[in-house]
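Student: sequence first, predicted coordinates after that:
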Amino acid sequence: MEEIHHAKELLLKKLETLEDKQQILRAPELKDLYSKIKEQPEDQRATYGQAVNELKMELEAQASELQPPVSKLEPIDVTAPFDVNTQLPALLPTRNGTTHPITREMQKISDIFYRMGFEVSPSREIDDEYHMFTSLNFPEDHPARDDYDTFITEEGWIAPAHTSTMQNRIIQARKEKLEAGEPIAVLAMDRVFRNEDLDARHEHTFTQHEGVYVGKNVTVGQLVGTLKLFLTTYYEKEIDVKITPFYFPFTEPSFEFSLSCPFCSDDVDCKVCSNERWIELLGCGMMHPNVLEMAGVNPKVYTGFAWGGGVERLVMMKFGIEDVRNFNSGKLSFLRQFK
């Protein structure tokens, strides 16, 4: 911990000299501390990681306190006409507007999980390397850390490629629930961003729902049962599910979760699943012990499961939508179907 104390002294002195105080959160000294978490002995890793996180939060608080106030500007009236002699145009009546289908379905998804006992929390649309990769057990040389796959700014900030960036925060903020004998059950949803080649099934910006459940004696059976109950409720139809072994750095064992196609009938060709009768829907698994440990939870006492899946894919299947790009296209002919 002497290394963290020394770095803290250096960073606090450096903070005083910075014009933009928020730059301290991108200081190489702080990044070095995060990169050294995995180098610590296994029994000290969680304590070390927690101390680094506490240092970051202290720097964030100090930066906010020392940041000079932004000069106040006169507000702009965005409804003002372009010319003093121009009449204000008639505004469209509110009855012409509708809720976007993704927003509407996100609310339905939230309602289902809320009734199942899950707290609903937003995710983030900008994040750091620690929460995006390190806290999720990604190796240093994992290809996802390359900006070929992930949007990374010159300053090192990341546009999250998955809502799993919230796992460490969700667990850390609710550890007292475990100590009180209660499980952690949280659903996070927000936009995510990937460097994708765009086509009918792939989009660079989409929405994910992330589930985290941690407690004592948590099993794969509970994971499958939770997702099956959600999907049966969401599609209002009894469905079959199956899990196939897969690999994710942050879960072990890991699975791809598929459901029986809700549009199929045995005697009719199905364009949705191409007569496969199964549709791969999301990734899931039991939380890796390293992920729990990084969040300050003893994996020998507690276990948990997590999943992450695209909201757009759920909605496409529900309404038979053939192209994911329609959601962000602004096509009124598409959006009017959901009025």
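Tutor: Yes, it's here.
Student: count of neighbours near the closest residue in space to S135 that isn't next to it in sequence?
Tutor: Among residues not flanking S135 along the chain, N168 sits closest, at 3.9 Å (C-beta to C-beta, 6 or more residues apart in numbering). The C-beta positions use only the backbone N, C-alpha and C, and glycine is treated the same way. Applying other C-beta atoms under 10 Å, we find 23 residues neighbouring N168.
Student: list the contacts of N168.
Tutor: The contact partners of N168, taken as C-beta atoms under 8 Å, 6 or more residues apart in numbering, are 130-131, 135-136, 291, 294-295.
Student: just the ones of these in helices?
Tutor: With helices defined by DSSP state H, the entries of the contacts of N168 inside them are 130-131, 291, 294.
Student: can you add distance to H5, pLDDT and neighbour count and give these back as a markdown table?
Tutor: Putting the ones in helices among the contacts of N168 into a markdown table (distance: C-beta to C-beta, whole Å; pLDDT from 0 to 100; neighbours: other C-beta atoms under 10 Å) gives the following:
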| residue | distance to H5 | pLDDT | neighbour count |
| --- | --- | --- | --- |
| Y130 | 20 | 89 | 23 |
| H131 | 24 | 88 | 20 |
| V291 | 27 | 94 | 25 |
| M294 | 21 | 92 | 27 |
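Student: most widely separated two among these?
Tutor: Pairwise distances across the ones in helices among the contacts of N168 (C-beta to C-beta) peak at 12.5 Å, for the pair Y130 and V291.
Student: low-confidence ranges in the stretch 201-339 of the chain?
Tutor: For the stretch 201-339 of the chain, the stretches with pLDDT under 70 are 262-268, 271-273.
Student: where along it do the helices fall?
Tutor: With DSSP state H, counting those that start in this stretch applied, the stretch 201-339 of the chain shows helices at 220-235, 289-294, 311-319, 332-335, listed in chain order.
Student: most neighbours per residue, which of these?
Tutor: Mean neighbour count (mean count of other C-beta atoms under 10 Å) peaks for helix 289-294 among these, with a mean of 22.
Student: contacting residues around that one?
Tutor: Helix 289-294 is contacted from outside by 37, 42, 45-46, 49, 134-137, 167-168, 171, 214, 250-252, 298-299, 302-304, using C-beta under 8 Å, 6+ apart.
Student: just the buried residues of those residues.
Tutor: Judged by neighbour count, with 16 or more other C-beta atoms under 10 Å as the criterion, the buried members of the contacts of helix 289-294 are 37, 45-46, 49, 134-137, 167-168, 171, 214, 250-251, 299, 302-304.
Student: now F138: which helix or strand?
Tutor: Under DSSP states H and E, no helix or strand contains F138.
Student: now do the domain split for the chain, please.
Tutor: Following automatic domain parsing, one gets these domains for the chain: 2-66, 101-338.
Student: any idea how far apart the tips of the last one sit?
Tutor: Pointing back at domain 101-338 there. Using C-alpha to C-alpha, to the nearest Å, one end of domain 101-338 lies 6 Å from the other.
Student: begin at 21, not 1, for the rest of this chat.
Tutor: Yes, from this point I'll number from 21; that puts the last item at domain 121-358.
Student: quick one: that domain to chain centroid distance?
Tutor: On the basis of C-alpha atoms, centre = their mean, to the nearest Å, domain 121-358 is displaced by 8 Å from the centre of the chain it belongs to.
Student: next: stretch 120-134.
Tutor: When distances are taken as C-alpha atoms, centre = their mean, stretch 120-134 is centred 16 Å away from the chain's centroid.
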